[in-house]
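for reference, the sequence and a predicted model appear below.
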Amino acid sequence: MKTRAIISLAGSVLLFGGALAGGVQGIAFAGSHKQGGDARKAAAEAGKARALLARGKGADAVKHAERAALAAPESAEFRMLLGQSYLKAGRFTSARDAFGDTLALDAGNGKAALNLALAQIATGDWEAARKTLAAHTDTIPVSDRGLAIALAGDPAAAVDLLASAARADAASTKTRQNLALSLALAGRWTEARAVVGLDLAAADADKRIVEWGAFARPKAASDQVASLLGVTAVADKGRPAALALTSAAPVAVASAAPVEPAPAAAAPVELAATAAPSLNTGVPAVQFAARQEIVQPLAAKPEAARERKALAKAAPAEDAPRALAAGKFYVQLGAFDNASVARDAWKRAARQFPSFSGRTPQGAAVKTGAGSFYRLSLGGYARGDAVKLCLSYRAAGGRCFVRTGAGDQLAGWVKPGAELASR
C-alpha cells in the first residue's frame, strides 16, 4: 500500500529514517560505580540502536534498545527508543507495551502518547487508542491527533477537528492533507479530492486519491499503521517479561534535550509529497509530526529521491531576477485563508528569496468542503523555468510545487501594469 505520501504522523512516530524522538544526552545516574557502568553501557547500546534505526534496520535495533532499557530500566528516553525500535520492526504489541512504560515514567510525553495510540490501533484496540488520544489532547498536535482519531475508527470526529484547524490563518499543508485523508476515510471522496488539490498538482492529487482508495480498505488491523510507517507487521507476543517496568528504586536521570527531526521528504507548500510535473517524485511528507511527523506523504522511492536530489543540485541558485520563458506552468507558494494572509506570506517570501522581489504574484480564490482558500503563485512560465525557480526557492528553505494554471490571476494587491515585471 503506497499511502505514506501524505501521512504526517511521521515525526512524532518514528523519524522515518531520521533521528529518534528524544536523543539521550548526558544521562547520568546517581549512585554506585556499578550504576555509572550501567549508564555508560545503556548509552552505548542506545547509540547503536539509533544508528540502526537511521539505516532502516528496526529488527536489528531492537536487541540494542532492549539492552539499553535493561541497563537503565527507569529511563523514559530508553523506553521511548525501545518503543520506536519495536515499531520499526513491525512489532506493534511490544511497541504498545514499551510506549505504555514510557508514559508511566513521563506522563507528559506527547510523542509517546501518539505512538502508543498508533500501536493500539495496529493491534485492533481502537477504543483504547481513542482514550489515549483524548487523555493527551494538550500534548499531541491537532494535525496528528485528528488523523489518529480517523485511523482509530472515528473519521467523522477527525473531520470536525481538522476542518476547524485547516481554516486557521497559520494552517499548514500537513493539516489540510490530514483533513483530506480523514475525509476520504469518512467516505467523502469528492471533498477529499478538493482539499488535496489545494496543495498538489492535479495529476498528483488524482494519484493520491487512488492510493487512498486502497489505504481505506485494510485487510488487517495493522495494515494502515504499517503502511504509514513503511514496515511489515510480524507476529508478536509482546515485550519480554524481563523488560517489564517495575517499582525499582528511583534513579536520578538528567533530562535529555529532544532532538528535532528534519522533515521527512519535502512536502508541497511544505513540500510534502508534492512534485513538479517534471520532478516525478513519490513523496511523503509523514510527517506524524516529527521523527518526523499522520498525513506526511509516503516515503519517496529511492530512485525518485535521487532524481530530486540531482535536480536540486543542478538548479542554479537565483540570486537576481531573470527573464523566464512564458508558458502555462505556475509555482504555487501556498494556500491561505484569504488574500490578506497571502499578501503577508508573499512579503515574507520576497524578503527570504531575492529572486522573487522583481516578480509579480498571482492568486486564485477557491472553495472546498473545508472552506475558502486563496492560492498564491508565480507564473505562467515554461515548465523548465518553473521547475528551476521552485527548486531554487526550496533550496533557500521555502516550500512550493509546480502545476498548470488553475484560474490564476494578478494578485489583488498588485497595481495594474506590474504584471510585466514577472517576466
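Here it is on my side, so go on.

so where's the stretch 101-250 of the chain uncertain?
247-250 (pLDDT under 70).

tabulate the CA atom coordinates of the strand or helix carrying residue 158 in CSV.
Here residue 158, judged by DSSP states H and E, is contained in helix 155-166. Only the C-alpha atoms of helix 155-166 are listed here, as CSV (Å, rounded to 0.1, in the frame of the first residue of the first chain):
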residue,chain,number,x,y,z
PRO,A,155,-13.2,9.8,10.9
ALA,A,156,-16.3,12.0,11.4
ALA,A,157,-14.8,13.4,14.6
ALA,A,158,-11.5,13.7,12.9
VAL,A,159,-13.0,15.8,10.1
ASP,A,160,-14.7,18.1,12.6
LEU,A,161,-11.5,18.7,14.5
LEU,A,162,-9.3,19.1,11.4
ALA,A,163,-11.7,21.3,9.4
SER,A,164,-11.6,23.9,12.1
ALA,A,165,-7.8,23.7,12.3
ALA,A,166,-7.5,23.9,8.5
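
show me what whichever helix or strand comes after that helix is packed against.
Next in sequence after helix 155-166, counting helices and strands by DSSP H and E, comes helix 173-185. Counting contacts by 3 or more CB pairs under 8 Å, 6 or more residues apart in numbering; DSSP states H and E, helix 173-185 is packed against strand 8-9, helix 142-151, helix 155-166, helix 189-196, helix 202-215, strand 326-336. Yep, even glycine has a C-beta here, placed from its N, CA and C like the rest.

can you add distance to residue 412 and mean neighbour count and give these back as CSV?
What follows is those, written out as CSV (distance: least, CB to CB, whole Å; neighbours: other CB atoms under 10 Å):
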stretch, distance to residue 412, mean neighbour count
strand 8-9, 31, 37
helix 142-151, 29, 28
helix 155-166, 22, 21
helix 189-196, 23, 21
helix 202-215, 24, 19
strand 326-336, 13, 23
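
for residue 343, which of those is the nearest?
strand 326-336 (8.9 Å; CB to CB).

what pairs with that closest one, and is each one parallel or antiparallel?
If you go by DSSP bridges, strand 326-336 pairs up with strand 371-381 (antiparallel), strand 401-404 (antiparallel).

in TSV: the helices and strands packed on helix 173-185, plus distance to residue 62.
Formatted as TSV, those follow (distance: least, CB to CB, whole Å):
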stretch	distance to residue 62
strand 8-9	21
helix 142-151	24
helix 155-166	31
helix 189-196	36
helix 202-215	27
strand 326-336	41
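
picking up where we left off before, run through who's touching the helix holding residue 158.
142-143, 145-147, 149-150, 171, 175-176, 178-179, 182-183, 185-186, 188, 195, 370-371 (CB atoms under 8 Å, 6 or more residues apart in numbering).

avg pLDDT for stretch 341-349?
When pLDDT is averaged over stretch 341-349, the result is 89.

again with stretch 77-90
Mean predicted confidence for stretch 77-90 is 96.

now that stretch, how far from the chain's geometric center?
Relative to the centre of its chain, stretch 77-90 is centred 18 Å away, using CA atoms, centre = their mean, to the nearest Å.

now stretch 98-106
23 Å.

now stretch 202-220
17 Å.

now swap in stretch 188-196 and tell me
20 Å.

who touches it?
159, 166, 176-177, 179-181, 183-184, 205-206, 208-209, 212, 368-370.

redo that, cut-off 7 Å
176, 177, 179, 180, 183, 184, 205, 208, 209, 368, 369, 370 (CB atoms under 7 Å, 6 or more residues apart in numbering).

TSV for those residues, including distance to residue 93?
Shown next, in TSV, are the contacts of stretch 188-196 (distance: CB to CB, whole Å):
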residue	distance to residue 93
176	33
177	29
179	31
180	31
183	31
184	28
205	36
208	31
209	33
368	39
369	37
370	36
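
all strands for the stretch 251-400 of the chain, in order.
Counting by DSSP state E, counting those that start in this stretch, one finds strands in the stretch 251-400 of the chain at the ranges 288-290, 326-336, 362-368, 371-381.

the last one versus helix 155-166: what angle between them?
I take that to be strand 371-381. Here the directions of strand 371-381 and helix 155-166 differ by 60 degrees (axes from the mean of the first three to the mean of the last three CA atoms, to 10 degrees).

can you check the third one too?
Computed by the same axes, to 10 degrees, the angle separating strand 362-368 from helix 155-166 equals 150 degrees.

quick one, strand 362-368 and helix 173-185 angle?
30 degrees.

by contact count, what packs against strand 362-368?
With contacts taken as 3 or more CB pairs under 7 Å, 6 or more residues apart in numbering; DSSP states H and E, strand 362-368 sits against helix 189-196, strand 371-381, strand 409-410.

export those to a markdown table and tack on distance to residue 83?
A markdown table is the format used below for the helices and strands packed on strand 362-368 (distance: least, CB to CB, whole Å):
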| stretch | distance to residue 83 |
| --- | --- |
| helix 189-196 | 31 |
| strand 371-381 | 37 |
| strand 409-410 | 50 |
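
before we move on, the earlier item: least reliable of the strands of the stretch 251-400 of the chain going by mean pLDDT?
Taking the mean pLDDT of those, strand 288-290 comes last: a mean of 38.

kindly provide the distance from residue 399 to residue 328.
Remark: distance between residue 399 and residue 328 (CB to CB, to the nearest Å) = 22 Å.

now do residue 189
28 Å.

mind giving me the domain split of this protein?
In terms of domains, the chain is parsed into 8-243, 326-422 (source: automatic domain parsing).

deepest-packed of those domains, please.
Among the domains of the chain, domain 8-243 has the highest mean neighbour count (mean count of other CB atoms under 10 Å), at a mean of 22.
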